[in-house]
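In: Quick check, what structure comes out for this input:
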Amino acid sequence: MIETQLDYEKEYGLWTCSYESMLLEPKRIAREILGLLGLDYTENILDEMVRKSSFEFITGRKPGEINVKSFYRKGVSGDWRNHFSEEEKEKFKSMAGDLLIKLNYEHDNNW
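Out: Prediction:
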């Protein structure tokens, strides 16, 4: 499905973003979304959007804090690495390892 999405992005000029980009540059991503929707905003509105969509605002926890009863895990990028066994890593690499590299989640298959 992701390969199809990448093809559609090119063919139809679709816009996408990753969770990681939202964590690293939330204001830039919010500006892009508002621009695509043709919505006006002020810096105060933008700041409030970013604040109210943050992990801390939504969960009441700082990124990295765990609540095993919560739907929201830790709010950090790359946490999936902590949940894969060696066998699962090898299986995932064989199925989608090149895609992780293509999407800039990994630099090579040595993860």
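In: Check whether Trp15 really touches Gly35, as I assumed.
Out: No: contact criterion C-beta atoms under 8 Å: Trp15 and Gly35 do not qualify, at 9.6 Å. (Glycine included, C-beta is placed from N, CA and C.)
In: list the buried ones in the strand or helix carrying Ile101?
Out: For Ile101, the host element (DSSP states H and E) is helix 86-102. By neighbour count on 16 or more other C-beta atoms under 10 Å, the buried set for helix 86-102 is Lys93, Gly97, Leu100.
In: Which one of the residues you listed is nearest to Gly78?
Out: Leu100 (11.1 Å; C-beta to C-beta).
In: SS state for the residue lying closest to the closest one once chain neighbours are set aside?
Out: Spatial nearest neighbour of Leu100, excluding adjacent residues (C-beta to C-beta, 6 or more residues apart in numbering): Glu106 at 4.4 Å. Taken by DSSP: H, G, I helix; E, B strand; the rest coil, the conformation at Glu106 corresponds to coil.
In: how close does Glu106 get to Ser77?
Out: Using C-beta to C-beta, to the nearest Å, Glu106 is found at 12 Å from Ser77.
In: Then Asp7?
Out: Distance from Asp7 to Ser77, by C-beta to C-beta: 25 Å.
In: quick one: which of the two has more around it?
Out: Ser77 (15 against 11; other C-beta atoms under 10 Å).
In: is it true that the more buried one touches Glu20?
Out: Yes: with contact defined as C-beta under 8 Å, Ser77 reaches Glu20; the gap is 4.6 Å.
In: which stretches of the protein form helices?
Out: 2-12, 19-24, 26-37, 43-52, 55-59, 86-102 (DSSP state H).
In: hang on, the earlier thing: can the buried residues of helix 86-102 go into TSV with extra columns for pLDDT and distance to Glu11?
Out: Listed next are the buried residues of helix 86-102 as TSV, based on pLDDT from 0 to 100; distance: C-beta to C-beta, whole Å:
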residue	pLDDT	distance to Glu11
Lys93	90	28
Gly97	82	25
Leu100	87	23
